[in-house]
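**Q** Starting from these lines, generate the structure:
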Amino acid sequence: MNAKREVLIRFSSLPLKDPRSRAVLRLLQDDRFLPRISFVTNRDLLPNTLLIAEAGSDAIPFELELGAVQQEEVSLVNGHLVRHVHRTRTLCIHDPLRAIRPLQLFQGRLYVLLAFAQETPAWYRVVTEPNPALPVPSEARQSIDSVLRQIVRDQVDLALHAILSRHEVEEALRERDKERFLRAAGLYNQLRDRCLIDFE
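**A** Here you go, the predicted structure:
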């Protein structure tokens, strides 16, 4: 038996927060739906999602959300960066029976989250996929590490250039070379402003 179909059948046998959700679970068992279903444990930032909860779960009983788009905007308010997240959707249904017709017409990938009352069973974890809208934690860590290494390298380069530039400022002062002093002092000030290390 298809593993996805087996998950739907097993979940249908559990007590559900909204028993009418069984009609949707039966619809999803159809061969037309199974290849387009991805089971997830987190539906953040995903566009087309279905949530069905077991009785006793903390999740809402049922939600079908189609055409969701989440946009993030960053603005400067009083000198501080403020992040705003706007989420829009074309369809959001909390009644399982009203969701059947839109699901029959839907042709895209559907991300299904089944919410359990207790610990997530192994038979569900086997079929779940990582949320494609979220970075994989190890990749994110590697990305942050590489960015930090690049920042350190850039700061070391800036510090070395600033030290050399300061040496040139001091030489120009000793030689009383006004043009060289102005050029070197201007460069030194620019480098010092960009550098996180304090030279004073």
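**Q** Buried residues in stretch 108-118, which are they?
**A** Applying a neighbour-count criterion of 16 or more other CB atoms under 10 Å, the buried positions in stretch 108-118 are 110, 111, 112, 113, 114, 115. Where you see a C-beta, it was placed from the backbone N, CA and C, and this is true even at glycine.
**Q** ok, the spatially most central residue of the chain - contacts?
**A** Note on the chain: the residue nearest the mean C-alpha position is residue 134, at 3.7 Å, using CA atoms, centre = their mean. If a contact means CB atoms under 8 Å, 6 or more residues apart in numbering, then residue 134 has 42, 44, 45 as its contacts.
**Q** quick check, the last one in a helix?
**A** Spelled out, that is residue 45. No: membership of residue 45 in a helix is not supported by DSSP: H, G, I helix; E, B strand; the rest coil, which gives coil.
**Q** can you tell me how far the nearest residue to it once chain neighbours are set aside sits from residue 11?
**A** By the measure of CB to CB, 6 or more residues apart in numbering, the closest residue to residue 45 outside its immediate chain neighbours is residue 133, 3.7 Å from it. From residue 133 over to residue 11 the distance is 23 Å, taken as CB to CB, to the nearest Å.
**Q** Check which element follows the longest helix along the chain along the chain.
**A** Longest among the helix segments of the chain by residue count, using DSSP state H, is helix 137-175. Later in the chain than helix 137-175, the nearest helix or strand by DSSP states H and E is helix 178-194.
**Q** So what's the residue count around residue 165?
**A** A count of nearby residues for residue 165, using other CB atoms under 10 Å, gives 21.
**Q** residues in contact with it?
**A** The contact partners of residue 165, taken as CB under 8 Å, 6+ apart, are 184, 187, 188, 191.
**Q** out of everything not next to it in sequence, what's closest to it?
**A** Using CB to CB, 6+ apart and skipping the chain neighbours, the partner closest in space to residue 165 is residue 188 (4.1 Å).
**Q** looking at it, that neighbour is touching residue 169, isn't it?
**A** Yes: at 5.4 Å, residue 188 counts as touching residue 169 under the criterion of CB atoms under 8 Å.
**Q** Counting neighbours, what do you get for the closest residue to residue 91 other than its chain neighbours?
**A** Nearest in space to residue 91, with sequence neighbours left out and distances taken as CB to CB, 6+ apart, is residue 66 at 4.3 Å. Summarising burial for residue 66: neighbours were counted as other CB under 10 Å, giving 20.
**Q** All further residue positions should be reported with the first residue as 39.
**A** Okay, residue one is now 39; in that scheme the one you just asked about reads as residue 104.
**Q** In terms of pLDDT, where does residue 104 sit?
**A** pLDDT for residue 104: 87.
**Q** got it, and residue 47?
**A** 94.
**Q** any idea how far residue 222 is from the nearest residue to residue 233 once chain neighbours are set aside?
**A** On the basis of CB to CB, 6+ apart, the spatially nearest residue to residue 233 that is not a chain neighbour turns out to be residue 196, at 4.4 Å. For residue 196, the distance to residue 222 equals 16 Å [CB to CB].
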